[in-house]
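1. Provided below are the primary sequence and the corresponding predicted coordinates.
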Amino acid sequence: MDENVLREISASWRGARYPVVLTGAGISTESGVPDFRSSKGLWRQTPEELSSITMLERKPELFYPFYQDRIRNILAAGPNAGHFGLSRLMEHGYLRVLITQNIDGYHQLAGAPEVLELHGTLRKVSCMRCHAAFDSRQMLPEAEDETLTPGVGPECQCPECGGRLRPDIVLFGEGLPERAWEKAMRAARRADLFVVVGSSLTVGPANLLPEWAADAGARLLIINREATPLDRLARWVVRESAGAVISALVDSILAEPV
């Protein structure tokens, strides 16, 4: 990042009264978790319909293997410099609200004390009948068994009542968690600095948050490798690696004033 831009953003962030950050899949790609809508994203290779409530109900033999692979993927990886950097900012009082579209739980693993998860979490699964909750490992088969039909094995059933398990995420066709969304809306409208990290800003309604913040007078910083529909509203647009940019900003923000 250009040094002058780095200093300008750092000074603005340091002086902000209510900085808010929204993260998307792009912050976790450096951990080895694929994003969704970039030129090499997951939805370029897999139909989006696999992540729908309809697919869960009508095509479990396709739905479950897809999410079992995703659970394995997030469990095999972990937080990166971007996640740790944002947690440091929260720790030092330079980040008031952290909102994420991600379902990997890496912000919490990096030490963030509170995260507004707009799309739920893939680290938990629950029963659609009795609502018992389990670690997402419950939905992984203990061993591969070619005699079982994919998606209908015992790992997909609740050990308490035999009902169908599902990941605790927001699927296409479902609404966002009300409490998290209400807090996110309030934070966006209160922010004087709103930072987007690794989001394409094409998925609603989360993509409304930075627009509302900008309309209310917040300075908008977008850190994303590819262009977004809201770049035109941003004070700064940085198309570089999220981890490297966040790390540089954190070091600059937390440095002793010259």
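-> Good, I have the coordinates.
2. The protein: helices as residue ranges?
-> 3-15, 53-58, 60-76, 81-91, 106-109, 178-190, 208-215, 242-254 (DSSP state H).
3. closest one to residue 168 among those?
-> Among these, the nearest to residue 168 by C-beta to C-beta is helix 60-76 (11.1 Å). For glycine as for every other residue, the C-beta is placed from the backbone atoms N, C-alpha and C.
4. The closest one packs against which elements?
-> Judged by 3 or more C-beta pairs under 8 Å, 6 or more residues apart in numbering; DSSP states H and E, the packing partners of helix 60-76 are helix 53-58, strand 120-127.
5. ok now do the residue nearest to residue 163 when sequence neighbours are not counted, which residues does it touch?
-> Spatial nearest neighbour of residue 163, chain neighbours left out: residue 129 (2.9 Å); criterion: C-beta to C-beta, 6 or more residues apart in numbering. Residues in contact with residue 129, defined by C-beta atoms under 8 Å, 6 or more residues apart in numbering, are 158, 161, 162, 163, 164.
6. quick one: which of the helices and strands packed on helix 60-76 is nearest residue 89?
-> strand 120-127 (21.8 Å).
7. Over the closest one, what's the mean pLDDT, rounded is fine.
-> Per-residue pLDDT values over strand 120-127 give a mean of 97.
8. what angle sits between that strand and helix 178-190?
-> Strand 120-127 and helix 178-190 are oriented at 170 degrees to each other (axes from the mean of the first three to the mean of the last three C-alpha atoms, to 10 degrees).
9. quick one: strand 120-127 to chain centroid distance?
-> 14 Å (C-alpha atoms, centre = their mean, to the nearest Å).
10. what's the answer for stretch 23-32, then?
-> The chain centre lies 8 Å from the centre of stretch 23-32; the measure is C-alpha atoms, centre = their mean.
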